[in-house]
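Student: Here is the input, now give the coordinates:
(chains A, B and C)
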Amino acid sequence: MGETGETLLSLSGVHTHIGQYHILHGVDLEVPRGQLTMLLGRNGAGKTTTMRTIMGLWQARQGAVRFAGEDIARLATPDIARRGIAYVPENMGIFGTLTVEENMVLAARRSGLNAERLDWIYSLFPAMRKFWRWPAGQLSGGQKQMLAISRAIIEPAELLLVDEPTKGLAPTIIDALAEAIMALKQTGVTILMVEQNFALARRVGDTVAVMDDGKIIHTGTMAELGADTALQGRLLGLDIGGGTA
Amino acid sequence: MSTTRQEGAIAAEPRNWLGFVRDRAAYFTVPVLALLAFLPIGSLPTWGTLTLAGLAMGLMIFIMASGLTLVFGLMDVLNFGHGAMISFGAFVGVSTLVALGPLYLSSGIEMNLLALLIAALAAMLAAGVLGLVFERLIVRPVYGHHLKQILITMGGLIVVEQLIIVLWGPNEIPIPRPQNLKGAFIVGGVVLEKYRLLAVALGLVLFVVLRLVLTRTRIGLLVRAGVENREMVESLGYRISILFIGVFAVASALGGLGGIMWGLYDEVITAHLGMSVMVLVFITIIIGGLGSIEGCFIAALLIGLTNNYVAYLAPKLSLGSAIILMVVVLMWRPQGLLQPSGSR
Amino acid sequence: MIKSLLSGDAPGKPLLALIVCAVVICLALAPFLFPGTRSVDTAARICIIIVLVASYDLLLGYTGIVSFAHTMFFGIGAYGVAIASSSMGPGWDALALGGAGGVLVAAALAFVIALASLRVRAIFFAMITLAVASAFGVLVSQLYTITGGEDGLTYRLPQMLTPAFEFADFRLFGVRLDGRLLSYYLIFFSAVALFLVLLRLVNSPFGRVLQAIRENDFRAEALGYKTVHYRIVASVVSAVVAALAGVLLAIWLRYTGPDTTLSLDLMIDILVMVVIGGMGTMWGSVLGATIFVMAKNYLREVMGAASALTSDLPLVTDILHPDRWLFWLGLLFILSVYFFPTGIVGKFRRSTQ
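Tutor: Okay, here's the model as predicted:
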């Protein structure tokens, strides 16, 4: 692993089209290694499209996506994943007809389920142990989100993409998630996270990028943005310290 | 982060139980149908004979349809050319039987079964290879485009059908069954045709094997996961296109196996065999729910049984029976009996 | 005047317009240009098939849904006339009643199929139509007391439409002015009228919505169009026109049977014609049908010759056998779906722009 602070992932001039719609208009984004970068912005600003473009689920028509120095913009999704990028999509992507265990078995693609790693996950999400043999489709929203994150970290990844993990969750669960994410940060993994919940974003984020109309309109540290309410209002249209999504 | 907090979220259980019962309702349709049919038929021996015939027919349809429904579920590919694999498998199988003539027609039943096994394997191999060629040349260039898929796979079916005629001639080919597989056991007045028993046994074994593969092996899990959410499987680093080619080949091989079994059942094959069976196969996967192997199994049994019961009770309606069944099921469950959750 | 007749959708490039004009003129004057029973028969069939193909294109090309039941509707129209004429005896009343009955049945059936499959999932449509059409074929052969089974029905029509009727006792350019000529022109002008109606339809706001749905049904839905309703209407209209084409065929042949109206082979022929002519262009059906009918005759002759030439090469000669023309057609079909999905007309139009 390289040094903390150097750029792990960078997007430059990325344009993505979905069908006939031009969604990303030249996104430039740098994700520093070992930090949690928050991707903020209104609905429809292009945050999810950015995540999907990084993952190769939508192909950028123009521009470069560099991961650890290599341009991955033209690679297929499985090859991108194999380079060490794990993804928690917006809808969580749980395989509902499979059990929690089977979901995890598939996620542990390279080495199989590792007991030590699993214990660590149980320590982050104790409930995982409880519903281990349940069909994943029967979990509640919060439990599914825990499974989705567990699935992404069962094998060590260099970069974790998490798309709006708190969407539609109850405040107590969001709290639990925030704690787990803080614990995850301690392991040194780099995270790029989309979030609508500004309170959570301020709590866990190190650096921040704000999107609007398919472009990055602001980058900086989370502390800086968190302190500057005028900037928040201008960029995000938020009330001071707005909490709920 | 205490566990009590998380337990608060497990409240949705009762609704899931209801869903559980609803899911199982589909499984009861088969015995319910069989029992209901007993009322108008009245005679136990007749009913038993018809039920066996229906199960045999249903299981053969299941063999042909099971792979196709997975092919659709996994890659959203609707292969109208599946009939080509069925016909091709039947012809290769029959040619194999002809080549194995002495073995196949000898008086020992072990020898007969060995010949059948070899023929079945040959049919599967040939259809599987044809499936690979088909996937590469016909299907792959039009991924993600339903209209073109339907047109082009239909074109592929025509071409293969014509090639079969070129290779084997335009006339239908009779296939006699060996003496040991002709006739029937009679148990309490119920006529149990030997070949039907064989077909049922083989069909059940295949269903169990398929289920085991899908639930107990990593590849099976991947297929089921892929049916639900293809993108997520890729995001976990699996190359689903390779998986798909494998499933396509297996589906084709199963089509070929179904083809030779169907041919032996009818004791005659023509190049149009595949196309004519495809009608029932399509109805099966629609009723079952596109992409669901259990749904496909139930649907195939329903179709086989309905077809045989109706053929006895009202012969003129027998062909329409599958369509009536389809309409009834779709009115009950527009997405089919069992719809793998998540797939659109 | 012509422009409004063509709904402002002229064939396009001059060469294309020229070919279409030539086809129309040939068809209009066929009895005089190509006297002889066989060529007039071919011309009448081309007229009918153009309508059939155009009505199919409304579904496939303009609405983007694949149906395998189009020949079933064609057959229903033809059988309507056939059954009425053979049970009621020759007469205009039988013709009108049978034709109207056929059209109504076709419309109702199309509505039910569309409702059952399009409301559920558009992708079911292809499979369900295939199933229904094949069951219908079996039904027709089983109900032989009514339909004549595999043999079909031969019947008589009003005397005015038969060769025995002469409406003038002189010859015009050496052609007898008889009922046969009359029925040719009945078919020709009906075909022209039906074609123009379809052309008007696809160029109306309705047709534009259909195309919008074909391109992007989510978007069309988002714009407030009930995509299901539009698709259902399109499939009913398409079935009605197909049934009318069937009525024309029944009038021309004075025979209706499964092979001429219901067979899957015919269905595939129509598919090929639409694709080769060009999906989503009404003019494509004129070209597709004409080329196809010509090629079918011509191709078989060429293949017969080629097969004879290669008679020492076992497989080659078999594959070139005239009965295997469907093989080559299938290949052509696959290639045209790959390489020019917009068909001949699409190629023409693109090269001008």
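Student: List the contacts of the closest residue in space to residue B:325 that isn't next to it in sequence.
Tutor: Using C-beta to C-beta, 6 or more residues apart in numbering or on different chains and skipping residues adjacent in sequence, the residue nearest residue B:325 is residue B:306, 5.1 Å away. Bear in mind the C-beta positions are built from the backbone N, C-alpha and C, glycine included. Shown in contact with residue B:306 (C-beta atoms under 8 Å, 6 or more residues apart in numbering or on different chains): B:33, B:54, B:321-322, B:325.
Student: out of these, what pair is the most spread apart?
Tutor: B:33 and B:322 (13.0 Å; C-beta to C-beta).
Student: Neighbour count for these two, which is higher?
Tutor: residue B:322 (25 against 17; other C-beta atoms under 10 Å in any protein chain shown).
Student: any idea whether that one is helix, strand or coil?
Tutor: helix (DSSP: H, G, I helix; E, B strand; the rest coil).
Student: What does the pLDDT read for it?
Tutor: Note on residue B:322: pLDDT of 87.
Student: can you map out the strands along chain A?
Tutor: A:7-18, A:21-32, A:36-41, A:60-67, A:70-71, A:85-88, A:159-163, A:190-194, A:207-212, A:215-221 (DSSP state E).
Student: now the second one: mean pLDDT?
Tutor: What it means is strand A:21-32. Mean predicted confidence for strand A:21-32 is 92.
Student: next one: the fifth one
Tutor: Taken as a whole, strand A:70-71 carries a mean pLDDT of 93.
Student: what lines up beside that strand in the sheet?
Tutor: Partners of strand A:70-71 in the sheet, by DSSP bridges, are strand A:60-67 (antiparallel).
Student: could you give the angle of the partner strand to strand A:21-32?
Tutor: 10 degrees (axes from the mean of the first three to the mean of the last three C-alpha atoms, to 10 degrees).
Student: Could I get the CA-only coordinates of strand A:60-67 as CSV?
Tutor: Extracted C-alpha coordinates of strand A:60-67, given in CSV (Å, rounded to 0.1, in the frame of the first residue of the first chain):
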residue,chain,number,x,y,z
ALA,A,60,-17.4,6.7,-19.8
ARG,A,61,-17.6,8.0,-23.3
GLN,A,62,-14.7,10.4,-22.7
GLY,A,63,-12.1,11.0,-20.0
ALA,A,64,-9.9,8.8,-17.8
VAL,A,65,-10.5,6.9,-14.5
ARG,A,66,-7.2,6.2,-12.9
PHE,A,67,-6.9,3.7,-10.1
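Student: now that strand against strand A:159-163, angle please.
Tutor: Using the same axes, to 10 degrees: strand A:60-67 against strand A:159-163 is 130 degrees.
Student: before we move on, back to that, please identify the most buried of the strands of chain A.
Tutor: strand A:85-88 (a mean of 27; mean count of other C-beta atoms under 10 Å in any protein chain shown).
Student: elements contacting that one?
Tutor: helix A:47-55, helix A:141-153, strand A:159-163 (3 or more C-beta pairs under 8 Å, 6 or more residues apart in numbering or on different chains; DSSP states H and E).
Student: Put together TSV for these, with distance to chain C and mean pLDDT on each row.
Tutor: Shown next, in TSV, are the helices and strands packed on strand A:85-88 (distance: least, C-beta to the nearest C-beta, whole Å; pLDDT from 0 to 100):
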stretch	distance to chain C	mean pLDDT
helix A:47-55	16	95
helix A:141-153	25	92
strand A:159-163	21	95
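Student: now for the ones you listed, which one comes closest to residue C:38?
Tutor: Short answer: helix A:47-55, nearest of those by C-beta to C-beta, at 62.0 Å.
Student: Could I get the buried residue list for the stretch of helix or strand residue B:205 belongs to?
Tutor: Following DSSP states H and E, one finds residue B:205 within helix B:194-216. Neighbour-count burial for helix B:194-216 flags B:195-200, B:202-203, B:206-207, B:210, B:214 (criterion: 16 or more other C-beta atoms under 10 Å in any protein chain shown).
Student: Quick check: the two most widely separated of those?
Tutor: B:195 and B:214 (28.1 Å).
Student: before we move on, back to that, hmm, the helix holding residue B:205 touching chain A?
Tutor: No - Helix B:194-216 stays clear of chain A (C-beta under 8 Å from any C-beta of the partner chain), getting no nearer than 8.6 Å.
Student: Which helix or strand lies directly C-terminal to the helix ranked longest in chain B?
Tutor: Identified as the longest helix of chain B according to DSSP state H is helix B:44-75. Using DSSP H and E, the helix or strand that follows helix B:44-75 in sequence is helix B:82-99.
Student: now that next one against helix B:44-75, angle please.
Tutor: Using the same axes, to 10 degrees: helix B:82-99 against helix B:44-75 is 120 degrees.
Student: Just the buried positions in helix B:82-99, please.
Tutor: By 16+ other C-beta under 10 Å, the buried positions in helix B:82-99 come out as B:82-97.
Student: Any part of that helix near chain C?
Tutor: No - judged by C-beta under 8 Å from any C-beta, helix B:82-99 makes no contact with chain C; its nearest approach is 10.3 Å.
Student: Let me see the contact set for residue C:119.
Tutor: B:334, C:228.
Student: If I look at it, what pLDDT would I see?
Tutor: 74.
Student: Indicate which one of the helices and strands packed on strand A:85-88 is closest to chain B.
Tutor: For chain B, the closest of the helices and strands packed on strand A:85-88 is helix A:141-153, at 4.7 Å, according to C-beta to the nearest C-beta.
Student: who touches that closest one?
Tutor: By C-beta under 8 Å, 6+ apart, helix A:141-153 touches A:86-89, A:92-94, A:100, A:103-104, A:107, A:121, A:124-125, A:127-128, A:131, A:136, A:139, A:160, A:162, A:165-166, A:168-170, A:173, A:176-177, A:180, A:184, A:189, B:6, B:9-10, B:236.
Student: Make a ChimeraX selection of the buried ones in those.
Tutor: If you want just the buried ones from the contacts of helix A:141-153 in ChimeraX, going by 16+ other C-beta under 10 Å, the selection is:
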select /A:86,87,88,89,92,93,94,100,103,104,107,121,124,125,127,128,131,136,139,160,162,165,166,169,173,176,177,180,184,189 /B:6,9,10,236
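Student: mean confidence for the top strand by length along chain C?
Tutor: Longest strand in chain C, counting residues (DSSP E): strand C:166-172. Mean per-residue pLDDT for strand C:166-172: 72.
Student: List the pairing partners of that strand within its sheet, with orientation.
Tutor: strand C:175-178 (antiparallel).
Student: Show me what the helix or strand just after the partner strand is packed against.
Tutor: Once strand C:175-178 ends, the next helix or strand along the chain (criterion: DSSP H and E) is helix C:179-202. Secondary-structure packing of helix C:179-202 (3+ C-beta pairs under 8 Å, 6+ apart): helix C:14-28, helix C:30-33, helix C:37-57, strand C:166-172, helix C:205-215, helix C:227-253, helix C:282-309.
Student: Which of those sits closest to residue B:220?
Tutor: Closest among the helices and strands packed on helix C:179-202, once you apply C-beta to C-beta, is helix C:227-253, at 36.3 Å.
Student: Show me what secondary structure element comes after that closest one.
Tutor: strand C:255-256.
Student: Would you enumerate the residues in contact with residue C:267?
Tutor: C:68, C:70-71, C:133.
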